[in-house]
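Chemist: 3D model of this:
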Amino acid sequence: MRLTANEESMLAGGAGEAAAFAMRILVQLGDLYGAEEFIPISQVHVDGCCYQTGGDAGLDFAEKLASLGARVTVPTTTNVSGRDIQRSREHRFPEDLAEKCRRMEDAYLSMGMIPTWTCAPYLVGPPPRFGEQIVWAESNAIAYVNSVIGARTHRYGDYVDACAALVGRTPLFGLHLTENRRASVLVRLVGFGPDFATDTSAWGLLGYQLGQSLGARIPVIEGSPRQVTTDCLKAFSAAGAASGSLALFHVVGITPEAPSARVALGGRKAAEEITVHPADLAVTKAKLTSAREERVDVVALGCPHFSYQEAWSLAKVLAGRSVAKGVECFIHTNRAVLGDLKATGIAADLERTGVRLTTDTCILHWPLERWGFSGMATNSAKFARYVPGLLGLPVRYGCLKECADAAVTGRMP
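Modeler: Residues are numbered from 1 along each chain as shown. Model prediction:
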């Protein structure tokens, strides 16, 4: 790789050992992908700050950087921690596990990172603009920021993201390059009604189906309603990245790089064309519904973290009702959204129904064996994908209203 004089200096230790360590890793990354140079970046979202995903090795990495005096050089937000920092005892965390989570949190915050603790950084800022070169990790956030906002990040993994934050640059490769952002597959949606524009669970099913069939290929989608919500696109991003390697998608007339399918395809003919009908999503829903029994005793919503609009919609559906005895209903969100929900009274409305509002993390990282749950209901395709394997719980999959009904009745047909 060609390095500038400043980059050579950082590599040689001119900006401290932490920056030199980071540069060594990033140079190797650039060489691996055939990059010729670095580009400056404006912000980073770090994914490796959850102890349960990185384990002791991840903790050692974070504390090693901190011991070297590492400091970020661009605004850097944190992904979820392994615990709800304010409520870990409520969630029955063992003290030794909570302590390792705390050490991980402290190490990253010592570097000057913003404690957002969310898998949906696009909900809290600082928001990137169209075309801005950034480094984001967390798979759903990568797909969302690339597609819905049109900023540019490759599909980064843990630890490389932190290295980029320390030096404010990344190799020029992958989805940072215009020629690599063009679609190659045309997806046509046929037969969907007006409710499709607001049904996050349906978009989760669509994302899951396409993620499985496309892998890392980039789709352009025709036939979406113009009123499709950002929450639906959030659900699509998460599901496609969970079932495949989705890092960028285009929706004609919706996402900024797709005023038309022709533009999104770069003027080329699609290598493959796929038509999706509602019946196809019904098949995918059956695959994601791993529970044979209708009975559920935990409802988990907010993967990715709930937006204000989603919480507002849930409060309307639950108005005048209560979560059933023997059932827990967890809503995962971030602190900024929770602050808005408290300010408008929606948090209090939800809590009166028996809902538990949580921040900083999600149920995927909890020691659920201490709760004794037997079956989960969710509207998150990402949860439905990971919960059976990670938590050992069978899942019933449904829309937001069906999940609310499950919380109230303890059953999801």
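
Chemist: Where do the helices of the stretch 151-300 of the chain begin and end?
Modeler: Under the criterion DSSP state H, counting those that start in this stretch, helices of the stretch 151-300 of the chain are mapped to 160-167, 200-214, 230-243, 261-264, 278-288.

Chemist: What residues sit buried inside stretch 335-352?
Modeler: Within stretch 335-352, the residues that count as buried by 16 or more other C-beta atoms under 10 Å are 335-338, 340-341, 346-347, 349-350. Placement of C-beta: from N, CA and C, glycine included.

Chemist: which ones among those residues are found in helices?
Modeler: If you go by DSSP state H, these have 335-338, 340-341, 346-347, 349-350 in helices.

Chemist: need those in CSV with distance to F236, can you?
Modeler: Conversion of those to CSV gives the following (distance: C-beta to C-beta, whole Å):
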residue, distance to F236
R335, 25
A336, 23
V337, 20
L338, 24
D340, 24
L341, 24
I346, 25
A347, 27
D349, 28
L350, 25
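
Chemist: Check whether R71 really touches Y108, as I assumed.
Modeler: No - with contact taken as C-beta atoms under 8 Å, R71 and Y108 are classed as non-touching, separated by 11.5 Å.

Chemist: quick one: which of the two has more around it?
Modeler: Neighbours of R71 and Y108, each counted by other C-beta atoms under 10 Å, are more numerous for Y108; the result is 25 against 18.

Chemist: Name the nearest residue to the more buried one, sequence neighbours excluded.
Modeler: The shortest distance from Y108 to any residue that is not its chain neighbour, by C-beta to C-beta, 6 or more residues apart in numbering, is 4.9 Å, and that residue is C49.

Chemist: Tally up the residues packed near the one you found, please.
Modeler: The local packing of C49 (other C-beta under 10 Å) involves 28 other residues.

Chemist: quick one, strands of the stretch 1-150 of the chain?
Modeler: Using DSSP state E, counting those that start in this stretch, the strands found in the stretch 1-150 of the chain span residues 38-40, 44-46, 76-78, 135-136.

Chemist: With mean pLDDT added, can I get these in TSV?
Modeler: Putting these into TSV (pLDDT from 0 to 100) gives the following:
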stretch	mean pLDDT
strand 38-40	98
strand 44-46	98
strand 76-78	98
strand 135-136	98
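
Chemist: Could you dump those strands into a markdown table with mean neighbour count added?
Modeler: Formatted as a markdown table, the strands of the stretch 1-150 of the chain follow (neighbours: other C-beta atoms under 10 Å):
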| stretch | mean neighbour count |
| --- | --- |
| strand 38-40 | 16 |
| strand 44-46 | 29 |
| strand 76-78 | 24 |
| strand 135-136 | 29 |
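
Chemist: As a markdown table, those with distance to C399 would be great.
Modeler: What follows is these, written out as a markdown table (distance: least, C-beta to C-beta, whole Å):
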| stretch | distance to C399 |
| --- | --- |
| strand 38-40 | 42 |
| strand 44-46 | 29 |
| strand 76-78 | 30 |
| strand 135-136 | 29 |
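
Chemist: which one of these lies closest to P225?
Modeler: With C-beta to C-beta, the closest approach to P225 among the strands of the stretch 1-150 of the chain belongs to strand 135-136: 27.4 Å.
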